[in-house]
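Participant: The sequence and its predicted three-dimensional model are supplied below.
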Amino acid sequence: MNNFKFQNKTAIQFGKDVIDNALHDAVAQFGQNVLFVYGGGSIKKSGLYDRVMSKLAGLTVVELSDIAPNPKIASVRAGQDLVKAHDIDVILAVGGGSVIDAAKVIASSKFYDADPWDLVLDSGKRYQLDQLPVVDILTLSATGTEMNVGSVISNPETHQKLGTGGPQSPAVSFLDPTLTYTVSKWQTAAGAIDIFSHLTEQYFDRSANDVTSGMMAGLYRAVIKNAPIALADPDNYDARAALMWASTMSLNGLVNVGNINGWTVHPIEHELSAYYDITHGVGLGILTPRWMQYSLSAETLPRFAQFGREVWDLTGTDEVVAQGAIQATFDWIKALDVPTTLPGVGIVDKTHFEVMAESAVKVGRLAQAAYVPMQAADVVAILSAA
Ligand code: NZQ
Ligand code: ZN
């Protein structure tokens with residue numbers, strides 16, 4: 001186990017209707033001027049927009065809507081103009097990961113006088129800046145952004161989708177599982193696969209330890225069990241609640257303490273989304289079993305076997321259990337009714353594979369930090385197998 005520091009300052013308000021009594025004060029404690037950030041309209045359709053607005057009575061509210069999935073830097077630039085022009089005190093982000101991710105970078109951009117893309121390219125700059133408090137209402141269980149400092153922002157002009165960190169995780173996150181009842185089957189499946197992938201990126205780590213491995217095994221089991229239930233019965237509170245808390249707990253910094261933290265599948269998926277704008281979790285679902293198969297070797301066999309026993313309850317020799325676990329992962333993803341191949345999401349030409357692979361290796365430091373170190377040729381092999 002490596003040395004580590006752990007701190008997380010996000011206050012969580014979890015449960016049905018938690019926004020009703022607490023939202024106004026959670027926002028107003030930071031000031032009068034609020035930037036209300038949301039996506040493409042799901043919150044208007046569900047009635048959440050009206051509920052939120054009624055709670056903000058008495059505050060000065062400026063809106064920024066249409067944050068797209070795989071949020072684009074153009075939205076962050078628009079937000080930067082608004083936070084400066086209206087002297088915003090606090091950002092209220094209502095939506096999925098894309099909305100909350102964009103809000104965090106907008107929160108930094110108030111204190112930066114040039115193009116906020118600079119802040120994505122170099123997170124170091126953000127750590128030198130102040131950051132507005134972000135309060136969020138999560139409407140989709142997936143990313144963990146509700147309790148971490150990360151954001152992922154896309155620049156379609158440069159074909160880049162990059163992670164960035166900042167000094168503050170959200171100040172307050174409202175997690176009401178009933179707000180996820182309206183999430184489509186596609187996004188529910190993608191969100192569950194994203195959680196599964198966050199666990200996989202952290203479970204398969206050369207410095208993994210028994211404490212966090214056990215925590216992750218529990219989270220894995222919760223996601224594996226509850227994703228199919230939520231798909232079949234979208235209003236099942238307990239399933240939605242399990243997915244929501246698993247989303248938060250799988251990427252709030254708790255289960256990767258002591259790790260080296262070299263992620264592999266995410267940097268590769270971010271290239272797919274940068275070039276083809278596909279749904280993050282679906283891309284991960286296509287890549288993860290291929291990455292597992294490619295990474296299985298005599299050296300990694302014991303860990304894959306542990307994964308098969310702890311997570312999938314498999315028995316037998318290491319070889320049988322490891323191979324069975326990879327198959328079980330593939331079968332679980334397939335049963336969520338999402339495409340399991342790149343052609344299935346419309347990616348048929350291999351033209352960009354080489355340049356995408358080189359970028360993934362560079363951005364994700366795959367040659368140095370990954371669980372199984374990879375060069376561009378390895379990434380091309382995984383993409384080609386998908
Ligand atoms: O835009 P609206 O109309 O709200 O619709 C959204 C969007 O179309 C819809 N949706 C959200 N909540 C809903 C709903 N529809 C009906 N009912 C609801 N309650 O779902 C669609 C997808 O939303 P999005 O926010 O893009 O999904 P997700 O939460 O999966 O976020 C994905 C983004 O987060 C990044 C991904 O790369 C991707 O850009 N990630 C962020 C991370 C982080 N900050 O820590 C880590 C992750 O690994 C990930 O990379
Ligand atoms: Zn993810």
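Facilitator: Great, that's in hand. Residues are numbered from 1 along each chain as shown. Ligands and ions are numbered 1, 2, ... in the order given.
Participant: Tell me how many other residues crowd residue 128.
Facilitator: The tally of other residues near residue 128 (other Cβ atoms under 10 Å) stands at 11. Where you see a C-beta, it was placed from the backbone N, CA and C, and this is true even at glycine.
Participant: wait, what's in contact with it?
Facilitator: With contact taken as Cβ atoms under 8 Å, 6 or more residues apart in numbering, residue 128 is in contact with no other residue.
Participant: tell me the pLDDT at the nearest residue to residue 138 once chain neighbours are set aside?
Facilitator: With Cβ to Cβ, 6 or more residues apart in numbering as the measure, residue 146 is the residue that lies nearest to residue 138, at 4.7 Å, once sequence neighbours are left out. Looking at residue 146, its pLDDT is 98.
Participant: Give me every residue in the stretch 201-350 of the chain that's in contact range of ligand 1.
Facilitator: Contact residues (Cβ under 6 Å from any ligand atom) of the stretch 201-350 of the chain with ligand 1: 251, 266, 280-281.
Participant: do the same with the stretch 1-150 of the chain
Facilitator: Along the stretch 1-150 of the chain, the residues adjacent to ligand 1 under the rule Cβ under 6 Å from any ligand atom are 39-43, 46, 69-70, 95-99, 101, 139-140, 142-145, 148, 150.
Participant: I'd like to know which of those are buried.
Facilitator: Neighbour-count burial (16 or more other Cβ atoms under 10 Å) applied to these gives 39, 42-43, 69-70, 95-99, 101, 139-140, 142-145, 148, 150.
Participant: Give me the subset of the residues you listed that lies in strands.
Facilitator: Secondary structure assignment (DSSP state E) places 95, 150 from those within strands.
Participant: Just the residues contacting the helix or strand harbouring residue 153, thanks.
Facilitator: Per DSSP states H and E: residue 153 is located in strand 150-155. Counting by Cβ under 8 Å, 6+ apart, strand 150-155 makes contact with 70-73, 76, 97, 100-102, 104-105, 117, 120, 144-145, 160-166, 251, 270, 273-274, 277, 280, all of which sit outside it.
Participant: I'd like to know which of these are buried.
Facilitator: Listed as buried from the contacts of strand 150-155 are 70-73, 76, 97, 100-102, 104-105, 117, 120, 144-145, 160-164, 166, 251, 270, 273-274, 280; burial here means 16+ other Cβ under 10 Å.
Participant: Which residue is the nearest non-sequential neighbour of residue 303?
Facilitator: Leaving aside its chain neighbours, residue 303 sits nearest to residue 204 (6.3 Å; criterion: Cβ to Cβ, 6+ apart).
Participant: Residue 259 now?
Facilitator: Residue 259 sits nearest to residue 205 (Cβ to Cβ, 6+ apart), 4.3 Å away.
Participant: so the one you found touches residue 255, yeah?
Facilitator: No: when contacts are counted by Cβ atoms under 8 Å, residue 205 is not listed as touching residue 255 (10.1 Å).
Participant: Show me what the top helix by length along the chain is packed up against.
Facilitator: Taking residue count as the measure and DSSP state H as the definition, the longest helix of the chain comes out as helix 210-232. Using 3 or more Cβ pairs under 8 Å, 6 or more residues apart in numbering; DSSP states H and E, the elements in contact with helix 210-232 are helix 185-203, helix 237-250, helix 301-312, helix 318-335.
Participant: Could I get these in a markdown table, plus columns for mean pLDDT?
Facilitator: Formatted as a markdown table, the entries for the helices and strands packed on helix 210-232 read as follows, by pLDDT from 0 to 100:
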| stretch | mean pLDDT |
| --- | --- |
| helix 185-203 | 98 |
| helix 237-250 | 98 |
| helix 301-312 | 98 |
| helix 318-335 | 98 |
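Participant: Now render the ones you listed as a markdown table, adding mean neighbour count.
Facilitator: Shown next, in a markdown table, are the helices and strands packed on helix 210-232 (neighbours: other Cβ atoms under 10 Å):
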| stretch | mean neighbour count |
| --- | --- |
| helix 185-203 | 25 |
| helix 237-250 | 23 |
| helix 301-312 | 20 |
| helix 318-335 | 18 |
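Participant: Reformat these into TSV and put distance to residue 217 next to each item.
Facilitator: What follows is the helices and strands packed on helix 210-232, written out as TSV (distance: least, Cβ to Cβ, whole Å):
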stretch	distance to residue 217
helix 185-203	8
helix 237-250	12
helix 301-312	4
helix 318-335	12
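Participant: mind checking which of those helices is nearest residue 25?
Facilitator: Taking Cβ to Cβ, helix 237-250 is the member of the helices and strands packed on helix 210-232 nearest to residue 25, at 21.6 Å.
Participant: Can you name every helix or strand that the closest one contacts?
Facilitator: Taking 3+ Cβ pairs under 8 Å, 6+ apart as the contact definition, the neighbouring helices and strands of helix 237-250 are strand 11-14, strand 172-175, helix 185-203, helix 210-232.
Participant: and the most centrally placed residue in the chain, backbone torsions?
Facilitator: Nearest to the geometric centre of the chain sits residue 143, at 2.4 Å (Cα atoms, centre = their mean). Note on residue 143: its backbone torsions stand at phi -80, psi -30 [degrees, to the nearest 10].
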